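Q: Just need the structure, nothing else, for what follows:
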Amino acid sequence: MPPQVDLVVVFRTATKSHTKQQLQEESEEAEFQYSKLVTTLKNAGLQATARRGQKEGHLLVLVRCPQSLLTQLVHRERYSDFLSGLPLTNVRSIAGELDSPDLCVAHRLRIVYAFLTSTVADGGLGITPGSAEWNRVESLMVLHDHEFNSRWIRTWSTHQVNAVELDKIREQFGEAVALYFTFLSAYSKFLLFPSILGAAFYFLGTAYSPIYSILLFLWSIVFVEYWRMQERIISVHWGTSGSVRVEKRRPQYQPGFAWWKRELRMIASVPVIVLFAGILATLLTAIFLFEAFILHLYTGPGSQYMGFAPTIIFLALVPRFLDYYRSYAKSFTEWENHVHPSTHDASLTIKTFSLASIVAYLGLALSAFVYIPLGDQVTQYVQAYLFHTGVPSPAGAAVVNQTLSSVGEQLKIALNATSSGMSAAGAGVVRQQLDTSRLQNQMYAYTVTDQILDTFFEVGLPYIMRAVDSIRAGSGVYDAVSRRHSMHFGSQKAKNILLENETPGADGKDETEFLEQVRREVGLPQYELFDDYSEMVTQFGYIVLWSTIWPLAPLMAFLNNKLELRSDAFKITVHARRPIPSRADTIGPWLDMMTFITWLGALTNSALVYLFRPRWDDHVYPPTTIQNNTGQARPTSGHLVLTALLIALGASHGSILVRGLIGHLMEMFMWKGSKENEEADNSAKELKEAYLESLGVKNEAEVDKTSEDGDEHEHGFWARDEGLDEIRRVLKDA
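A: As a prediction, this is how the structure comes out:
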């Protein structure tokens, strides 16, 4: 039997990359900090022992919490929940499990992890990875339950996801991970309606249908408000309602920090975010214009290879820029000095996703509101400018120069140098070169191609990277893949490796196999919910904002999410460390972002329908141009775009009223009068009643009747009643 381990502390010792004197100093520091770590753990009542890690200079400190200490920690947490007013159902459910061997695994791991990492002021040990006191503690992690993982993957591969399965995920990985899968399951089911609707309008309806856009807009609001109510119901069902009130303080928090200082710092970070967003938008716009205009006009040397240039530029610049920005976003969020992890993570999420959404949606916005409606107009303007100035420059180069004038004079000079390679076409030829199906092609790429690539990067690429690492380490590709598969799914016995100079324990083979699994899990990356939420909210944005361009987008998302449920489960069990359980009663800022997307969807859909909806005599799904009833191009001037903007603003105001109405109806139908609503309302009352009962205070309804032993004169007074006699007298006199 392998030993029961609750946590693994990854500890870094001295390395061999220093001089002998430096190595001696690091060894002394590592020895001191390791002794302090083990002493701290054991003095707190925990069991701790260390083994060598897979990498040189790493120690794996295995930690176990005895049942007696766990009981005390659970009692202490329930006491904190009671003082903070958490629902009574939470207290009773955990108290009932307290003396049971079936204590939820996620609760056990969460309580032990919180005990180690919480500050001393919050009753913890204060072992924080990367802090000044524990700078050699790299991370804390929990180990996978491979038997559960195997059953989980097999079950989800052949069965539909239901509430029972989601409760099992909660018991293994905690409420935060279970809430994500609950959200993904609900969102995938809701996609069925726009999938059918989009397919019907794509094959039977008209392009840019206002009916489709209105129904899609209503669907988006219904889903967001449905999930808002569903969060309430789930939090009551799981006993996590109001869990933010018992959240531990961040170890990095500096006490004595006024709230208004934090707010001012958050405001101060806005200009920096706007600056980064502006630089990113300029960069993406330059890449877009280069790809949209120059590639169609340039015919000089190397023109056959120019098609790869935008992709190369994007891959070379945008990811590095985003990484650079994330480092600043983390620094600003740390500078804001948030008290709790939830507010810290929410602030960082908003900062990070705001720029990620620019990368996701700006290309479509430029195509819809610049390339198609204004491309031909810019060409005509440039032609008129050339005729008046007489500049002997090819028309194609003039189009590019004029269009890219906002990018900068230096880029304009560079383009003039290549003017000899531009096609000397007239305005009519350039107009024909505009890609009228660009919007549909972009939507197909974003909702089909990109989702396939994302699945490959999540599931397939880690296998390739491990195979490369295995080859570098001198092992074979088959050895790397077979070890990973056998460790998680038990298809075959993994070959045990005894590290050099390692002495096998008393358990021999069992301990060696166990340590082999621990070392491999330590080498995995930490699982982050941010990436999965970001992927789904971005997909939600594509559907709500842009699917009127290509109504099959919801269907593609629906099919993708059926696979996404399984691939995310596979990613957690195979390609990432086990998520550390945590309590959660909401998906946090992601719900606010979806609410904002629904409002923004009213703008984009109304503008797209106004600009591109075909007239009565157009064919279904004609080339995407702005035409009038005579078949000629409608005016594509700034007046047309301004009109579309005003219509979009009007629709946005209407969306606020519609969202308020739908939110009210959802609350009436889903929350008011529900079992969870009554349970939430009665929980505080039941909690106080239970407390009074523990003090021996009786309920007034249960007080024994006392004997009637009043004074004699009072007894005579209260014994005589004239009410009935008076009523009868009045009736008799009448």
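Q: Pull the number of nearby residues for Ser367.
A: 23 (other C-beta atoms under 10 Å). In this view, the C-beta of every residue, glycine as well, is placed from N, C-alpha and C.
Q: That one contacts Gln442, doesn't it?
A: Yes: because the distance of 6.0 Å satisfies C-beta atoms under 8 Å, Ser367 is recorded as touching Gln442.
Q: and stretch 201-210, how far from the chain's centre?
A: 32 Å (C-alpha atoms, centre = their mean, to the nearest Å).
Q: Going by neighbour count, list what's buried in it.
A: For stretch 201-210, a neighbour-count test (16 or more other C-beta atoms under 10 Å) marks 201-202, 205-209 as buried.
Q: What is the nearest of those residues to Arg12?
A: Tyr202 (56.3 Å; C-beta to C-beta).
Q: Give me the three-state assignment for the closest one.
A: Under DSSP: H, G, I helix; E, B strand; the rest coil, Tyr202 falls in the helix class.
Q: OK, contacts around it?
A: 550-552 (C-beta atoms under 8 Å, 6 or more residues apart in numbering).
Q: May I ask which of those has the most neighbours?
A: Going by other C-beta under 10 Å, Pro551 tops the contacts of Tyr202 with 26 neighbours.
Q: Setting aside sequence neighbours, what's the nearest residue to that one?
A: Leaving aside its chain neighbours, Pro551 sits nearest to Gly198 (3.5 Å; criterion: C-beta to C-beta, 6 or more residues apart in numbering).
Q: which parts of stretch 648-655 are buried?
A: Per 16+ other C-beta under 10 Å, stretch 648-655 contains these buried residues: 648, 651-652, 655.
Q: For the most centrally placed residue in the chain, what is the enclosing helix or strand?
A: For the chain, Tyr533 is the residue whose C-alpha lies nearest the centre (C-alpha atoms, centre = their mean; 2.4 Å). Element membership of Tyr533 [criterion: DSSP states H and E] is helix 529-541.
Q: which phi and psi does the residue nearest to Pro551 have?
A: Dihedral pair for Gly198: phi -70, psi -40, per degrees, to the nearest 10.
Q: so it touches Ile549, yeah?
A: No: between Gly198 and Ile549 there is no contact under C-beta under 8 Å: 10.9 Å.
Q: The longest helix seen in the chain: which residues count as buried?
A: The single longest helix within the chain, with elements called by DSSP state H, is helix 259-289. Within helix 259-289, the residues scored as buried using 16+ other C-beta under 10 Å are 262, 265-266, 269, 273, 276-277, 280-281, 283-289.
Q: and which of the residues you listed is nearest Ser347?
A: Met266 (6.9 Å).
Q: separation between the closest one and Phe530?
A: 19 Å (C-beta to C-beta, to the nearest Å).
Q: same deal with Gly723?
A: Gly723 is 74 Å from Phe530, by C-beta to C-beta.
Q: And for Leu83?
A: Leu83 is 32 Å from Phe530, by C-beta to C-beta.
Q: which of these two has more neighbours?
A: Neighbours per residue (other C-beta under 10 Å) separate Leu83 from Phe530, with Phe530 holding more: 13 against 10.
Q: residues contacting the more buried one?
A: Contacts of Phe530 by C-beta under 8 Å, 6+ apart are 349, 352.
Q: go with 10 Å
A: If a contact means C-beta atoms under 10 Å, 6 or more residues apart in numbering, then Phe530 has 345, 348-349, 352-353, 590 as its contacts.
Q: And the furthest pair within those residues?
A: Every pair of those checked by C-beta to C-beta; the farthest is Leu348 and Trp590, at 12.8 Å.
Q: Can you say which helix or strand has Glu138 in it?
A: Here Glu138 is assigned to strand 137-141, by DSSP H and E.
Q: Packing partners of the helix or strand following that strand?
A: Proceeding N to C from strand 137-141, the next assigned helix or strand is helix 146-158, under DSSP H and E. Packing partners of helix 146-158 (3 or more C-beta pairs under 10 Å, 6 or more residues apart in numbering; DSSP states H and E): helix 163-173, helix 477-489, helix 553-574.
Q: For Arg728, which of those is the nearest?
A: helix 163-173 (65.2 Å).
Q: so who does Ser652 touch?
A: 599-604, 606.
Q: Ramachandran angles for it?
A: phi -70, psi -40.
Q: quick one on the thing from earlier: return the member of the contacts of Phe530 nearest to Lys688.
A: For the contacts of Phe530, the nearest to Lys688 is Asp345 (33.1 Å; C-beta to C-beta).
Q: Between the two ends of stretch 156-165, what distance do you get?
A: End-to-end span of stretch 156-165 (C-alpha to C-alpha, to the nearest Å): 9 Å.
Q: does Phe183 really touch Ile234, like I thought?
A: Yes: in this structure, Phe183 is within contact of Ile234 by C-beta atoms under 10 Å, at 9.5 Å.
Q: more crowded one of these two?
A: Using other C-beta under 10 Å as the criterion, Phe183 and Ile234 rank with Ile234 on top: 25 against 21.
Q: can I assume the more buried one is in contact with Tyr180?
A: No: in this structure, Ile234 is not within contact of Tyr180 by C-beta under 10 Å, at 11.7 Å.
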